[in-house]
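Colleague: just to be clear, the model below is a prediction. Sequence and coordinates:
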Amino acid sequence: MTALIAMLIGLILYLSVFLLCAVIWFLPTFIFVSKVKNSSYVILFLIANLFLSVTIIGWLVLLIYAIVVKPENMQK
């Protein structure tokens, strides 16, 4: 019984850490989506986030860009 409880606690901790890492990974995209409502730019930024966030430098560049972008510059 205690092994089952320990395994359940381990699973909950594992899923919590995984969810936290996923939120941190996509943080630049969340910030960008909150500012820019044009879906074509959001899809492009999401693809960039998937590939560039593999490195810390790429993730930081995307985060800085998401913070400093002005929505009025993204109009078609």
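Modeller: Cool, the structure landed.

Colleague: CA atoms for contacts and neighbours, from now on please.
Modeller: Will do.

Colleague: lowest-confidence helix or strand of the protein?
Modeller: helix 39-52 (a mean of 90; mean pLDDT, DSSP states H and E).

Colleague: export the helix or strand just after that one to CSV, keeping only CA atoms.
Modeller: Per DSSP states H and E, helix 39-52 leads on to helix 56-68 as the next helix or strand towards the C-terminus. Provided in CSV are the C-alpha atoms of helix 56-68 (Å, rounded to 0.1, in the frame of the first residue of the first chain):
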residue,chain,number,x,y,z
ILE,A,56,18.5,29.3,-23.9
ILE,A,57,19.6,32.1,-26.3
GLY,A,58,16.8,31.4,-28.7
TRP,A,59,14.3,31.4,-25.8
LEU,A,60,15.6,34.7,-24.4
VAL,A,61,15.5,36.3,-27.9
LEU,A,62,11.8,35.2,-28.3
LEU,A,63,10.9,36.4,-24.8
ILE,A,64,12.5,39.8,-25.3
TYR,A,65,10.8,40.1,-28.7
ALA,A,66,7.4,39.1,-27.2
ILE,A,67,7.8,41.7,-24.5
VAL,A,68,8.9,44.7,-26.7
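
Colleague: ok, and what's touching helix 56-68?
Modeller: 25, 27-29, 31-32, 49, 52-53 (C-alpha atoms under 8 Å, 6 or more residues apart in numbering).

Colleague: cool, stretch 36-53 as well?
Modeller: Contacts of stretch 36-53 (C-alpha under 8 Å, 6+ apart): 25-26, 28-29, 32-33, 58-59, 62, 71, 74-75.

Colleague: of those residues, which one scores lowest on pLDDT?
Modeller: Minimum pLDDT across these is recorded for Gln75, with 64.

Colleague: returning to that earlier point: turn the contacts of helix 56-68 into TSV, columns for distance to Ile43 and neighbour count.
Modeller: Listed next are the contacts of helix 56-68 as TSV, based on distance: C-alpha to C-alpha, whole Å; neighbours: other C-alpha atoms under 10 Å:
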residue	distance to Ile43	neighbour count
Trp25	16	16
Leu27	15	17
Pro28	13	23
Thr29	9	23
Ile31	13	15
Phe32	11	24
Asn49	10	21
Leu52	14	16
Ser53	15	19
